[in-house]
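1. One predicted model, sequence on top.
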Amino acid sequence: MRAAIYSNYGSPEVLGIKDIEKPSIKEQDRVLIRVHSASVNTMDYLYRKGYLPTRLDNGLTKPKNSILGIDVAGTIEVVGENVRKFKVGDPVFGSCFGSHSEYVSPRENFLCHMPKNITFEEAAAIPCAAQTALQALRDVAQVKQGQRILIYGASGGVGHFAVQLANYYGAEVTAVCSTSNLDWVKDLGAHYVLIILRKISLIIQINTMLFWMLLVSEPFSVAYVL
């Protein structure tokens with residue numbers, strides 16, 4: 001099978017398409033998936049670039065795991081003897097390391113049946129971002145009905161899931177996004193929206209503290225929209 005392989009850390013040029021051995025079912029709670037779609041996350045960028053925290057578990061000088069990708073959507077071709085939720089031919093999506101390849105063999109408890117009203121491309125964009133939002137709201141913040149929550153970056157990968165989940169939990173959602181995404185974020189369930197009127201994204205990336213100082217010194221940098 002073909003896969004996107006990287007044997008050294010660095011820029012995107014370290015990636016290359018190569019033929020490697022197709023995975024097999026060695027543990028009977030796993031399935032073999034023919035990959036239709038896989039997303040690219042910040043996690044993939046950090047691992048490929050070789051940022052220090054990622055090297056602690058993926059190798060200090062060279063990557064131990066040479067295939068990136070954590071989100072996957074595809075069709076099951078083989079099931080292990082202990083698999084109970086799925087059968088051959090089922091369209092599924094979920095989390096699996098090494099999904100930038102033609103086949104992967106994840107455990108069944110990391111997968112879900114794919115809803116009939118979404119595409120493989122849409123399904124592959126869900127797992128990592130949606131789980132991050134879910135863990136933040138449900139497990140860490142423990143958001144409850146009637147609470148008020150501010151979501152910064154509400155039109156981003158994690159943020160737009162957070163808006164929907166916070167609304168699902170019954171919270172009053174105030175979202176922060178750019179003007180171009182205002183209507184979309186409101187449609188996702190935001191009750192109020194703070195729109196960014198000035199070009200401050202570069203300052204945010206450089207220094208978060210400087211960003212908050214800017215908001216204090218220039219109170220018209222954001223506008224409140226009902």
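-> Structure's in. What do you need?

2. When you work out contacts or count neighbours from here on, use the C-alpha atoms and nothing else.
-> Will do.

3. isn't residue 194 right up against residue 181?
-> No - applying Cα atoms under 8 Å as the test, residue 194 and residue 181 come out as separate, 10.9 Å apart.

4. Looking at those two, which is more packed in?
-> Higher neighbour count among residue 194 and residue 181: residue 194, with 22 against 15, using other Cα atoms under 10 Å.

5. ok, the strand ranked longest in the chain: who's next to it in the sheet?
-> Taking DSSP state E as the criterion, the chain has its longest strand at strand 71-79. Partners of strand 71-79 in the sheet, by DSSP bridges, are strand 31-37 (antiparallel), strand 91-95 (antiparallel).

6. Pull out the buried residues from that strand.
-> 71-76, 78-79 (16 or more other Cα atoms under 10 Å).

7. which residues make contact with it from outside it?
-> 25, 28-40, 86-97, 99, 120-121, 123-128 (Cα atoms under 8 Å, 6 or more residues apart in numbering).

8. Now that strand: average pLDDT?
-> Averaged over strand 71-79, pLDDT sits at 97.

9. mind checking how far residue 22 is from residue 3?
-> Distance, residue 22 to residue 3, using Cα to Cα, to the nearest Å: 10 Å.

10. Could you check which of the two is surrounded by more residues?
-> Set side by side, residue 22 and residue 3 show more neighbours around residue 3, with 22 against 14, by other Cα under 10 Å.

11. What residues does that one make contact with?
-> Counting by Cα under 8 Å, 6+ apart, the residues that residue 3 touches are 17-20, 67, 100-102.

12. What subset of those is buried?
-> 67, 100-102.

13. can I get those residues in TSV with pLDDT?
-> Output for those, formatted as TSV (pLDDT from 0 to 100):
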residue	pLDDT
67	96
100	97
101	97
102	98
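
14. ok now the top helix by length along the chain, how far from the chain's centre?
-> Looking across the chain with DSSP state H, the single longest helix is helix 157-168. Centre-to-centre, helix 157-168 and its host chain are 12 Å apart (Cα atoms, centre = their mean, to the nearest Å).

15. Run through who's touching that helix.
-> Contacts to helix 157-168, defined as Cα under 8 Å, 6+ apart, come from residues 129-130, 132-134, 137, 143, 149, 151-154, 172-173, 175, 185, 188-190.

16. For burial, what's the neighbour tally of the residue nearest to residue 22 when sequence neighbours are not counted?
-> Using Cα to Cα, 6 or more residues apart in numbering and skipping the chain neighbours, the partner closest in space to residue 22 is residue 1 (5.5 Å). Using other Cα under 10 Å, residue 1 has 11 neighbouring residues.

17. list the contacts for residue 1?
-> By Cα under 8 Å, 6+ apart, the contact set of residue 1 is 19-22, 101-103.

18. can you put those in CSV and add secondary structure?
-> Listed next are these as CSV, based on DSSP: H, G, I helix; E, B strand; the rest coil:
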residue, secondary structure
19, strand
20, coil
21, coil
22, coil
101, strand
102, coil
103, strand
